[in-house]
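Engineer: no sequence on hand, only this structure:
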């Protein structure tokens with residue numbers, strides 16, 4: 001099986017070419033955002049977290065069946081809500097045991113969530129990039145042809 005590689009106008013590969021978040025947002029079913037907001041209205045504060053599987057089950061009861069299916073549209077919709085700058089757009093989440101979604105009860109709770117996410121996600125991403133660069137340096141070497149300046153044009 002070959003994986004198609006999409007190229008830009010200069011012939012360079014386009015990363016994540018098969019995923020268009022805007023296209024996914026444009027194709028969200030009518031009413032999904034309202035349904036998610038309605039469910040989360042009953043889950044205010046970290047102590048009232050709703051699990052991802054329960055959120056999916058509750059959405060199925062409202063006609064949005066993502067049980068045993070790709071629930072990416074739900075996650076995309078939550079991302080859209082978070083970016084909307086509207087009341088109750090402060091959806092917090094956490095993974096793992098006891099994880100799920102909730103609306104921040106206070107600004108302090110929201111800031112705690114944002115600080116944690118920023119530190120863990122951005123810190124992890126930075127760590128990944130540094131490790132990839134170190135691995136590339138080991139593989140291609142400090143004085144690889146790609147890094148040397150040509151004096152001959």
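Structural biologist: Arrived safely, thanks for sending. Since the structure is predicted, the reported quantities are computational estimates derived from the model, not experimental observations.

Engineer: so where does residue 78 fall, helix or strand?
Structural biologist: helix 72-83 (DSSP states H and E).

Engineer: got it, and residue 88?
Structural biologist: Using DSSP H and E, no helix or strand contains residue 88.

Engineer: identify the residues contacting it.
Structural biologist: 37, 40, 41, 103 (Cβ atoms under 8 Å, 6 or more residues apart in numbering). C-beta: built from backbone N, CA, C; applies to glycine.

Engineer: contacts only, for the second one.
Structural biologist: Contacts of residue 40 were listed using Cβ under 8 Å, 6+ apart, and they are 50, 88, 91, 101, 102, 103.

Engineer: where in this structure is pLDDT low?
Structural biologist: Under the criterion pLDDT under 70, the flagged ranges of the chain are 1-7, 13-29, 142-153.

Engineer: break it down into its domains, please.
Structural biologist: 1-105, 106-140 (automatic domain parsing).

Engineer: most tightly packed of these?
Structural biologist: Greatest average neighbour count among the domains of the chain goes to domain 1-105 (a mean of 13), per mean count of other Cβ atoms under 10 Å.

Engineer: pull the most distant pair out of the contacts of residue 88.
Structural biologist: 37 and 103 (9.0 Å; Cβ to Cβ).

Engineer: if we can go back for a sec, just give me the closest of the contacts of residue 88 to residue 109.
Structural biologist: Using Cβ to Cβ, these come closest to residue 109 at residue 103, 9.3 Å.

Engineer: partner residues bridging that closest one?
Structural biologist: Beta bridges link residue 103 to residue 44, residue 91 when assigned by DSSP bridges.

Engineer: that one: what's it in contact with?
Structural biologist: Going by Cβ under 8 Å, 6+ apart, residue 103 touches 40, 41, 43, 44, 45, 88, 90, 91, 92.

Engineer: again, 7 Å this time
Structural biologist: Neighbour list for residue 103: 40, 43, 44, 88, 90, 91 [criterion: Cβ atoms under 7 Å, 6 or more residues apart in numbering].

Engineer: is it fair to say residue 101 lies in a strand?
Structural biologist: Yes. Applying DSSP: H, G, I helix; E, B strand; the rest coil, one finds residue 101 inside a strand.

Engineer: could you find the closest non-adjacent residue to it?
Structural biologist: residue 93 (4.8 Å; Cβ to Cβ, 6 or more residues apart in numbering).
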